[in-house]
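J.: Predicted structure and sequence below. I'll ask about it afterward.
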Amino acid sequence: MPAPSPEARPGARRIGVVLKGYPRLSETFIAQELAALERRGLALAIYSLRHPTDGATHPVHGEIAAPVTYLPEYLRDEPRRVLRAWRAARRLPGYPLAHAAWRRDLARDRTANRVRRFGQALVLAAELAPDIGRLHAHFLHTPASVARYAALLRGLPWSVSAHAKDIWTTPEWEKREKLASCAWATTCTRANAEHLRALVDDPSRIDLVYHGIDAKRFPPRDPSTPAAPGDARPVVILSVGRAVEKKGYDDLLPALARLPAALDWRFEHVGGGPQLQGLAEEARALGIAERVTWLGPLTQPDVLARYRAADVFVLSSRVAGDGDRDGLPNVLMEAQSQGLPCVATNVSGIPELIEDGLTGLLVAPRDRDALARALARLVADPALRVRLGEAGRERTLRDFALERGIDRLVERFGGTVAST
């Protein structure tokens, strides 16, 4: 059962959180943040641009008390609702300012998506609960557009958390305008923060806030099931991530195929994504299909069980053709919290977590031979697995704790939340 909603406290002003979709299995970090903010006494209301598409949810979703309102995913699906919202929004004092901002944006981005963003913002502004004191968007692309237009309509402050694809696939002009309009922004890697700070007059408005690991949700595994068992079974190499270009699974499979024939291993993948079928076909073509298991999307407890049953974790991230890339993938922190030695690529924020040779192994993106060599080292050397796994766990729990970031967010949100 969710905890009693903090919105009932006298005088509390709620924060309207704008999300692209809710709930989503692939965005556990957002759910953990929302739950932690509620535990700190912040009152939230969720406004989602899409209905859920996953067949399951994580337990943390059940802990979040905030009510959820679904905006029209496509304006044509709810024309009467959109028309009512437009009529109501036109009477708001901020309508001329919001409409002018949207028209300027539309002139530079003449797409149906830009029209949809404004329509969703009209519905959000028209239906916004009267006790909402500010808006906060997760992701700098579509959710931030909707939040910005709605905030202008309502005369409210707004803020944004920027993550990965949303930063690197959004045009610079749009990033500059949104960052100039919002009260403050956070992002989850030093590389992201440096990029965004270069786009604003006051860099102090851009905070580096790591998503962090919630140690309560990822307690250490039972020492009776160590990460490096003997020769009783193959060494299990695990990866968790959506099967999309930036995750580099089409680099990882050839690397696995290059492992020395004498090594006994098998590979498990957790996650959905559009490339799954093609990857399964590639594994067959490479002659390693019998060693590969595709588990599909799993809930957090099931993912935790896979971490605890594995010996090595790998993530072969790279920059996609459209500029999309990871930030600092939470799955690396989750794996390290379980003492799993990690092999990853030195892109984006990953080197901020993993120190090559000390808390894991790093290779260049797209270097399949180097990736194969790093994996072979760990498969062949149980002592190295234990040493890197323990060092990674210690660093993750010490320097990337969830509560550090929540402290900063509570401080930023504090001006709109009534004290108890």
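T.: Looks like it came in fine. All values reported here derive from a predicted model rather than from experimental measurement.
J.: Residue 36: neighbouring residues, count only.
T.: When neighbours are defined as other CB atoms under 10 Å, residue 36 has 21 of them. C-beta coordinates here come from the backbone N, C-alpha and C atoms, glycine included.
J.: Over to residue 62?
T.: Residue 62, neighbours per other CB under 10 Å, totals 13.
J.: Also residue 219?
T.: The burial count for residue 219: 10, using other CB under 10 Å.
J.: Next, it: phi, psi?
T.: phi -60, psi 160 (degrees, to the nearest 10).
J.: how close does it sit to residue 301?
T.: 12 Å (CB to CB, to the nearest Å).
J.: again with residue 369
T.: Residue 369 is 37 Å from residue 301, by CB to CB.
J.: just residue 128 next, same as before
T.: 35 Å.
J.: what about the two, which has more around it?
T.: Legend: neighbour count by other CB under 10 Å for residue 128 and residue 301, higher for residue 128 (20 against 10).
J.: mind listing what that one touches?
T.: Residues near residue 128 by CB atoms under 8 Å, 6 or more residues apart in numbering: 16, 150, 154.
J.: Sketch out the low-pLDDT regions of the stretch 201-350 of the chain for me.
T.: Scanning the stretch 201-350 of the chain for pLDDT under 70 picks out the ranges 223-232.
J.: Do a quick rundown of the helices in it.
T.: Along the stretch 201-350 of the chain, the segments classed as helices by DSSP state H, counting those that start in this stretch run 249-257, 276-285, 300-309, 330-337, 350-353.
J.: Nearest to residue 61, out of those?
T.: Across the helices of the stretch 201-350 of the chain, residue 61 has its closest neighbour in helix 300-309 (9.5 Å, CB to CB).
J.: and the closest one, which residues are buried?
T.: 300, 303-304, 306-308 (16 or more other CB atoms under 10 Å).
J.: do stretch 137-157 as well
T.: Buried, per 16+ other CB under 10 Å, within stretch 137-157: 137-154, 156-157.
J.: swap in stretch 67-86?
T.: Under 16+ other CB under 10 Å, the buried positions of stretch 67-86 are 69-72, 75, 78, 81-82, 85.
J.: Please work out how many residues are found near residue 180.
T.: The burial count for residue 180: 12, using other CB under 10 Å.
J.: Please tell me how far it sits from residue 132.
T.: From residue 180 to residue 132 the distance is 22 Å (CB to CB).
J.: Same question for residue 264.
T.: 57 Å.
J.: These two: which has the busier surroundings?
T.: The neighbour comparison of residue 264 against residue 132 (other CB under 10 Å) goes to residue 132, with 22 against 13.
J.: and among the helices of the stretch 201-350 of the chain, the most buried is which?
T.: helix 330-337 (a mean of 26; mean count of other CB atoms under 10 Å).
J.: mind checking the end-to-end distance for stretch 259-276?
T.: End-to-end distance of stretch 259-276 (CA to CA, to the nearest Å): 22 Å.
J.: next one: stretch 346-366
T.: First residue to last in stretch 346-366 (CA to CA) measures 11 Å.
J.: And it, what's buried?
T.: Quick answer for stretch 346-366 (16+ other CB under 10 Å): 347-354, 359-363, 365.
J.: now swap in stretch 54-65 and tell me
T.: Quick answer for stretch 54-65 (16+ other CB under 10 Å): 57-58, 60-61, 63-65.
J.: Dump these into JSON lines; add distance to residue 245 and secondary structure as well.
T.: As requested, the buried residues of stretch 54-65 are exported to JSON lines (distance: CB to CB, whole Å; DSSP: H, G, I helix; E, B strand; the rest coil):
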{"residue": "57", "distance to residue 245": "27", "secondary structure": "coil"}
{"residue": "58", "distance to residue 245": "25", "secondary structure": "coil"}
{"residue": "60", "distance to residue 245": "28", "secondary structure": "helix"}
{"residue": "61", "distance to residue 245": "28", "secondary structure": "helix"}
{"residue": "63", "distance to residue 245": "33", "secondary structure": "helix"}
{"residue": "64", "distance to residue 245": "31", "secondary structure": "coil"}
{"residue": "65", "distance to residue 245": "37", "secondary structure": "coil"}
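J.: Looking at the buried residues of helix 300-309, which is nearest residue 34?
T.: Nearest member of those to residue 34, counting by CB to CB, is residue 300, at 14.4 Å.
J.: Would you mind measuring from the residue nearest to that closest one when sequence neighbours are not counted to residue 27?
T.: Leaving aside its sequence neighbours, residue 300 sits nearest to residue 58 (CB to CB, 6 or more residues apart in numbering; 4.3 Å). Remark: distance between residue 58 and residue 27 (CB to CB) = 10 Å.
J.: One more: residue 40?
T.: Taken as CB to CB, the span from residue 40 to residue 27 is 20 Å.
J.: quick one: which of the two has more around it?
T.: The neighbour comparison of residue 40 against residue 27 (other CB under 10 Å) goes to residue 27, with 20 against 16.
J.: Is that one part of a helix or strand, or is it coil?
T.: Assigned with DSSP: H, G, I helix; E, B strand; the rest coil, residue 27 falls in the helix class.
J.: what separates it from residue 333, distance-wise?
T.: 15 Å.
J.: Tell me the buried residues in the longest helix along the chain?
T.: The single longest helix within the chain, with elements called by DSSP state H, is helix 382-399. Neighbour counts over helix 382-399 (16+ other CB under 10 Å) mark 382, 384-385, 388-389, 391-393, 395-397 as buried.
J.: Over to stretch 106-115?
T.: residue 114.
J.: Show the end-to-end separation of that stretch, please.
T.: 8 Å.
J.: For stretch 367-381, the averaged confidence score.
T.: If you average the pLDDT over stretch 367-381, you get 98.
J.: Which positions within that stretch qualify as buried?
T.: 367-368, 370-380.
J.: Backbone torsions only: list them for residue 286.
T.: Per degrees, to the nearest 10, the backbone of residue 286 is at phi -80, psi -10.
J.: How many residues are close by it?
T.: By the criterion of other CB under 10 Å, residue 286 has 15 neighbours.
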